[in-house]
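Enquirer: Pasted the sequence and its predicted model underneath.
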Amino acid sequence: MTTTTATTTHTVLRAEGFSCPSCVAKIEKRVGRLKGVDAVKVHFASARIEVDHDPAHVSVEDIVAAVAKTGYTARPAAF
């Protein structure tokens, strides 16, 4: 799911492969370093990743790739 306001887009991703709460910090750190990401919040219990970002600088595909580099799979949520 993606919503857009002005220059910021709110994207929700579903993640797979979470095994412990330390996954949260790894993903938040990696995604948070991307240029254009304003905020990232990982919800361990629901396996959701919420990202506020500027699509002119970072795409959903870039975010998914950053999550993959931490060893987890993510895809845009349908809801």
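Expert: Everything's here; your move.
Enquirer: Where does the prediction get shaky in this structure?
Expert: 1-6, 79 (pLDDT under 70).
Enquirer: What is the distance between the longest strand out of those in it and the centre of its chain?
Expert: Ranked by residue count under DSSP state E, the longest strand found in the chain is strand 8-16. Its chain's average C-alpha position is 5 Å from that of strand 8-16, according to CA atoms, centre = their mean, to the nearest Å.
Enquirer: following it, which helix or strand comes up?
Expert: Going down the chain from strand 8-16, the next helix or strand is helix 22-32, by DSSP states H and E.
Enquirer: Going by neighbour count, which residues in that next one are buried?
Expert: If you call a residue buried by 16 or more other CB atoms under 10 Å, then helix 22-32 has these buried ones: 23, 27-28, 30-31. For the C-beta atoms, the positions are set from N, CA and C on the backbone; glycine is no exception.
Enquirer: What strands flank the longest strand of the chain, and is each parallel or antiparallel?
Expert: With DSSP bridges as the test, strand 8-16 is paired with strand 2-5 (antiparallel), strand 48-53 (antiparallel), strand 73-76 (antiparallel).
Enquirer: Nearest to residue 15, out of those?
Expert: Taking CB to CB, strand 73-76 is the member of the strands paired with strand 8-16 nearest to residue 15, at 4.6 Å.
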